[in-house]
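Colleague: I'd like to go over a predicted model; first the sequence, then the structure.
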Amino acid sequence: MGFIGLPAAGVNSPAASIETATTTATATVTATAPGPTEASGTSASTSSSPAVRWSGMLLVSGDFNLDSVPPGGDLPTDGDIELSKISDGQEAVLRSDRANLAVVPQGEDPDSARCAALAQTQGQRITDLPVAVGGKLCLITNEGRSALVIVTAVHPQAQNVSVDVRIWQKTD
């Protein structure tokens, strides 16, 4: 048989000294709808960045003007940027006598304002700037537009370079 212990007279059981606390918690849930989605499936930027004037791939073998639509070769005095040579078959050597070229930090995908800021604060008129595949440059065109140039392929035998270019509308 079991033994059931009873508290002695005048002694409280431990269970009798436990206080009960009651707390009320309120949670607010805020849901936001996703922003517009671009064709690539990424969220579109809602910043006040100017519209893209022209965007696409170019095959460059010399001087090219980013203010024409589509961008293309022009007289050397009218160009924004020029492929001067291909170094070791791995890098495009770009130059500009008219625009400040700025190297975009690795992993960054600048918008118009960031490209303009990079070109203005870190850009240089460079006679020869080697840029490897995947390298990005920002500049301000002769007519004042921000532009992003990404080297996508170097073709040593053809002595040309494939670039992906994005040029934004001018801001006033």
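Modeller: Structure received. Numbering: from 1, shown residues only.
Colleague: Quick check: residue 156 touching residue 85?
Modeller: No - using CB atoms under 8 Å, residue 156 is not in contact with residue 85; the gap is 10.0 Å. In this view, the C-beta of every residue, glycine as well, is placed from N, C-alpha and C.
Colleague: Name the residues of the stretch of helix or strand residue 161 belongs to that are buried.
Modeller: Residue 161 is located in strand 160-168, with elements delineated by DSSP states H and E. By neighbour count with 16 or more other CB atoms under 10 Å, strand 160-168 contains the buried residues 160-163, 165-168.
Colleague: helices or strands next to that strand in the packing?
Modeller: strand 52-60, strand 81-87, strand 146-155 (3 or more CB pairs under 8 Å, 6 or more residues apart in numbering; DSSP states H and E).
Colleague: out of these, which comes closest to residue 66?
Modeller: Evaluated over the helices and strands packed on strand 160-168, closeness to residue 66 peaks at strand 146-155, with 4.9 Å, by CB to CB.
Colleague: got a list of contacts for that closest one?
Modeller: 57, 66, 80-81, 86, 89-92, 94, 104, 110, 112-113, 115-116, 119, 131-141, 161-168 (CB atoms under 8 Å, 6 or more residues apart in numbering).
Colleague: go on, stretch 120-134?
Modeller: Against stretch 120-134 from outside (CB under 8 Å, 6+ apart): 84-85, 87, 90-103, 137-140, 150-154.
Colleague: Separate out the buried members of those.
Modeller: By neighbour count, with 16+ other CB under 10 Å, the contacts of stretch 120-134 hold 84, 91-96, 98-103, 137-140, 150-151, 154 as buried.
Colleague: how many neighbours does residue 110 have?
Modeller: 20 (other CB atoms under 10 Å).
Colleague: Could you pull up phi and psi at it?
Modeller: phi -70, psi 150 (degrees, to the nearest 10).
Colleague: ok, now residue 119?
Modeller: Dihedral angles (degrees, to the nearest 10) for residue 119: phi -60, psi -40.
Colleague: And the nearest residue to residue 123 once chain neighbours are set aside, how close does it get to residue 131?
Modeller: Residue nearest to residue 123 in three dimensions, not counting chain neighbours: residue 100, with 2.8 Å by CB to CB, 6 or more residues apart in numbering. The gap separating residue 100 from residue 131 is 15 Å, by CB to CB, to the nearest Å.
Colleague: likewise residue 149?
Modeller: 8 Å.
Colleague: Show me where this protein has its strands.
Modeller: Secondary structure of the chain, counting by DSSP state E: strands at 52-60, 63-64, 81-87, 91-95, 102-103, 129-132, 136-140, 146-155, 160-168.
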